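Engineer: With the input below, show me the fold.
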Amino acid sequence: MTSTAYLSADLIKRGKSLPSKLLQSWRLLRVLANEFEHFIIWASFASSASILLLYFFYPKQELPAHHYTLLGFAYDTMLMTFFESPIPFVDDWRLIPIFFGLPILGLLVIAEGVVHFGSLIVHHKRYTKEWQKMLASTYENHIVVCGLGNVGFRVVEHLKRYDQDVVCIEHKVTTQFANEVEQLKVPVIDGDATSIACLELAGVKRAKAVIAVTDNDLANLEIALNARELRPGIRAVVRMFDQRLAKKIEKAFGITCAFSTSALSAPIFAQSALSENILASFEFGNTTVNAFQLIIDEEHGFSGMIIDNLRHKFEVTVLMHERNSHIDWNPPPDTVLQKGDKILLLTDNVNVQELFRPPDSVPPKGTAKPKP
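Structural biologist: Numbering: from 1, shown residues only. Got it, this is the predicted structure:
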């Protein structure tokens, strides 16, 4: 099975995919509808009232029979709103407000509509802070990321690769990372993420998850608790510098995930000093599990070996196999490795040392591997 799950960074930044374009257009329409909501309601009420008044009180003898319909008066109302006179004036106190009020309403529609719509377009083109707040109000089932430092920015990048909707909160919106996130067309709310009002602006009540990755443990905890107050049951992921505190918080407050970045990064730093090509390292139980990229060459003698033999000989798990830019997930056990192939494998520290040991010192096939 080929890898089609990841979007290229260029595609994400340029937003060229059709679904993304359609979604942006839909959100633009929602912003416009939200901004003109009250104006549209009052204008619709005035127009409907005018149509009904004309239909019930305008003298029939003044109009042709075929014109005396709701649709006909709707057409007349529209023309009168824009300074036209499709029907004769009638001196009836119930109809006078229509003849004088509709033109004034039309003037307000043109003036207010043009000015406000033009302002919104300018905000949209410049992607201003005001526009980002309005855009965030249209998001649903999204992820709120609080803190746009180095960790927060990488989190946003990964979420966008997974085609997730993201809204960010950062009180230093002039930082480099905040500007780069805006280039991804991700709304950034300027404010304190511990504030309930700021979380509401980011749409936490409609979000599916909140990620607190500021550089302050207490602030991250407060963000998670406030988010839970606004939306009980929301998935909360918290960055903590103290791993022991992280575990206690996860149990005591019901936080979905609490991670210490130092505890997560320590294994990969240690393993990188012992071996090369390491991609990730993490703890599972009492074992350190390492993810490696292994490039098949003649030096280590893996060329020509069957994947199943590699698994059994070194007790590794082969997750992916790449050849000529074609990626195969969970490759068949009878796949023959060739020079230039790449494989992604999981193993522990002892097997890593044996895997990268020079061929002359690797125990012959069938001999027992020394126990750690």
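Engineer: quick one: low-confidence ranges for the stretch 251-372 of the chain?
Structural biologist: Flagging of the stretch 251-372 of the chain using pLDDT under 70 yields the residue ranges 256-276, 300, 352-353, 356-372.
Engineer: Adjacent strands (with direction) for the helix or strand encompassing residue 145?
Structural biologist: Using DSSP states H and E, residue 145 sits within strand 143-146. Using DSSP bridges, the strands paired with strand 143-146 are strand 166-170 (parallel), strand 209-212 (parallel).
Engineer: On the three-state scheme, the nearest residue to residue 321 once chain neighbours are set aside is what?
Structural biologist: Excluding the flanking residues, the one nearest residue 321 by C-beta to C-beta, 6 or more residues apart in numbering is residue 331, at 3.9 Å. C-beta: built from backbone N, CA, C; applies to glycine. Put simply, residue 331 is coil when judged by DSSP: H, G, I helix; E, B strand; the rest coil.
Engineer: which residues does residue 331 contact?
Structural biologist: 307, 318, 320-321, 343 (C-beta atoms under 8 Å, 6 or more residues apart in numbering).
Engineer: Format the strands paired with strand 143-146 as a markdown table; extra columns: mean pLDDT.
Structural biologist: Listed next are the strands paired with strand 143-146 as a markdown table, based on pLDDT from 0 to 100:
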| stretch | mean pLDDT |
| --- | --- |
| strand 166-170 | 92 |
| strand 209-212 | 93 |
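Engineer: which of the residues in stretch 186-195 are buried?
Structural biologist: Within stretch 186-195, the residues that count as buried by 16 or more other C-beta atoms under 10 Å are 186-194.
Engineer: what ranges do the helices span in the stretch 51-200 of the chain?
Structural biologist: 70-81, 96-126, 129-136, 150-161, 176-183, 196-201 (DSSP state H, counting those that start in this stretch).
Engineer: buried sites along the shortest one?
Structural biologist: Across helix 196-201, burial judged by 16+ other C-beta under 10 Å covers 198-201.
Engineer: separation between residue 312 and residue 347?
Structural biologist: 13 Å (C-beta to C-beta, to the nearest Å).
Engineer: out of these two, which sits in the busier spot?
Structural biologist: Per other C-beta atoms under 10 Å, whichever of residue 312 and residue 347 has more neighbours is residue 347, with 21 against 12.
Engineer: Leaving out the residues flanking it, which one is nearest to that one?
Structural biologist: Here the residue nearest residue 347, using C-beta to C-beta, 6+ apart, is residue 316, at 4.2 Å.
Engineer: Hmm, residue 350 and that neighbour touching each other?
Structural biologist: No - when contacts are counted by C-beta atoms under 8 Å, residue 316 is not listed as touching residue 350 (11.1 Å).
Engineer: Who has more neighbours out of the two?
Structural biologist: residue 316 (22 against 16).
Engineer: Contact partners for the more buried one?
Structural biologist: Residue 316 touches 310, 345-347, 351, 355, counting by C-beta under 8 Å, 6+ apart.
Engineer: which one of these is nearest residue 166?
Structural biologist: residue 346 (29.3 Å; C-beta to C-beta).
Engineer: Tell me if the closest one really is in a helix.
Structural biologist: No - according to three-state DSSP, the state of residue 346 is strand, so it is not within a helix.
Engineer: Which two among the contacts of residue 331 are spaced furthest apart?
Structural biologist: 307 and 320 (10.9 Å).
Engineer: Give the full set of residues in contact with the closest residue to residue 220 other than its chain neighbours.
Structural biologist: Ranked by C-beta to C-beta, 6+ apart and with sequence neighbours excluded, the top spatial neighbour of residue 220 is residue 212, at 3.8 Å. By C-beta under 8 Å, 6+ apart, the residues touching residue 212 are 146-147, 193, 219-221, 223-224, 236-239.
Engineer: Columns distance to residue 54 on top of the strands paired with strand 143-146, output as JSON lines?
Structural biologist: Compiled in JSON lines, the strands paired with strand 143-146 are given as follows (distance: least, C-beta to C-beta, whole Å):
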{"stretch": "strand 166-170", "distance to residue 54": "47"}
{"stretch": "strand 209-212", "distance to residue 54": "53"}
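Engineer: ok now do residue 34, which residues does it touch?
Structural biologist: Residue 34 touches 134, 137-138, counting by C-beta under 8 Å, 6+ apart.
Engineer: and what of residue 103?
Structural biologist: 80-81, 83.
Engineer: With residue 311 instead?
Structural biologist: 317-318, 333.
Engineer: among the residues you listed, which ones are buried?
Structural biologist: Buried, going by 16+ other C-beta under 10 Å: residue 318, out of these.
Engineer: And this protein, what are its domain boundaries?
Structural biologist: With domains defined by automatic domain parsing, the chain comprises 37-126, 132-260, 275-361.
Engineer: returning to what we had before: for the helices of the stretch 51-200 of the chain, which has the smallest mean pLDDT value?
Structural biologist: Of all those, the minimum mean pLDDT falls on helix 96-126 (a mean of 74).
Engineer: angle of that helix against helix 70-81?
Structural biologist: Here the directions of helix 96-126 and helix 70-81 differ by 70 degrees (axes from the mean of the first three to the mean of the last three C-alpha atoms, to 10 degrees).
Engineer: Check the offset of helix 96-126 from the chain's centre.
Structural biologist: 34 Å (C-alpha atoms, centre = their mean, to the nearest Å).
Engineer: repeat for stretch 69-87
Structural biologist: For stretch 69-87 - counting by C-alpha atoms, centre = their mean - the centre lies 46 Å from the chain centre.
Engineer: ok, residues contacting that stretch?
Structural biologist: Taking C-beta under 8 Å, 6+ apart as the rule, stretch 69-87 contacts 47, 50-51, 54-55, 58, 62-63, 66, 98-99, 102-103, 105-106, 109.
Engineer: Next: stretch 171-187.
Structural biologist: 12-13, 15, 24, 127, 129, 132-133, 135-136, 139, 148-150, 152-153, 156-157, 160, 166-168, 170, 188, 190-193.
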